[in-house]
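Q: Pasting a predicted model and its sequence here:
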Amino acid sequence: MNLNSQQKYYLLIAGSILLLILIYPLAISKTVAVSSSIDKLEKRKTELASLKSKENELLRMQSRLKDTATIGSDRNSILTYISMKGEKLPGLEVAQIPEVHFYSSDDLNIETNVFVLEGPFKSHLGILDSLYFNGKISPKSVHLYKQRNFKKRKNELYCKLYFQRVKD
């Protein structure tokens, strides 16, 4: 079989076209498969990102719930809550815990708990904000006052919190 150069050229083009026709479906199917898997992975990535943000939101809500769940209306839970929040605020500490005051009449019993806090003004605002807006119980009365500390030779700011609970 003797082929001239023009026939060889035509055979080469026909073979190339035949090769492209045979490989084209394979290449297209692989490209479509990779493209669909990339789309699935992108969708999964966005789902995971939204889950991560929802997880962070859930953790914030859990911490808020734990904060509100820890404070009850009894003396020990209020003191625990104030101490826990006071650790996060600079310079705030419980200065005094006076005795519980009870008032009772025929059908009404009132228990009044008083706590005196000492510290800077911003820390007092922080604990009041936490009690009023995040706690289940808030103080019935707040009294801010300054008093001279003669040992330290400076004025100290105090906050007296009154909590009342009505019992049957």
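A: Yep, that arrived.

Q: contacts and neighbour counts: CA atoms only from here.
A: Fine.

Q: care to break this protein down by domain?
A: 1-70, 71-167 (automatic domain parsing).

Q: Looking at these, which one is packed in the most?
A: Compared across the domains of the chain, domain 71-167 shows the largest average neighbour count, a mean of 15 (mean count of other C-alpha atoms under 10 Å).

Q: Run the chain-centre distance for it.
A: Mean-position distance between domain 71-167 and its chain equals 26 Å (C-alpha atoms, centre = their mean, to the nearest Å).

Q: before we move on, back to that, output the domains of the chain as TSV; include the columns mean pLDDT.
A: Listed next are the domains of the chain as TSV, based on pLDDT from 0 to 100:
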stretch	mean pLDDT
domain 1-70	83
domain 71-167	84
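
Q: Once you drop chain neighbours, what's closest to residue 100?
A: residue 113 (5.1 Å; C-alpha to C-alpha, 6 or more residues apart in numbering).

Q: Are we agreed that residue 14 is in a helix?
A: Yes - counting by DSSP: H, G, I helix; E, B strand; the rest coil, residue 14 is found in a helix.

Q: Tell me which residue is most central in this protein.
A: In the chain, the residue lying closest to the centroid (C-alpha atoms, centre = their mean) is residue 60, at 2.0 Å.

Q: how near is it to residue 89?
A: 19 Å (C-alpha to C-alpha, to the nearest Å).

Q: Now residue 164: which helix or strand?
A: Per DSSP states H and E, residue 164 falls inside strand 154-167.

Q: name the helices or strands packed onto that strand?
A: On a contact count with 3 or more C-alpha pairs under 8 Å, 6 or more residues apart in numbering; DSSP states H and E, strand 154-167 meets strand 109-118, strand 141-149.

Q: Check which strands are paired with that strand and give the direction for each one.
A: According to DSSP bridges, strand 154-167 forms sheet pairs with strand 109-118 (antiparallel), strand 141-149 (antiparallel).

Q: Just send these back as TSV, with distance to residue 165 too.
A: What follows is the strands paired with strand 154-167, written out as TSV (distance: least, C-alpha to C-alpha, whole Å):
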stretch	distance to residue 165
strand 109-118	5
strand 141-149	13
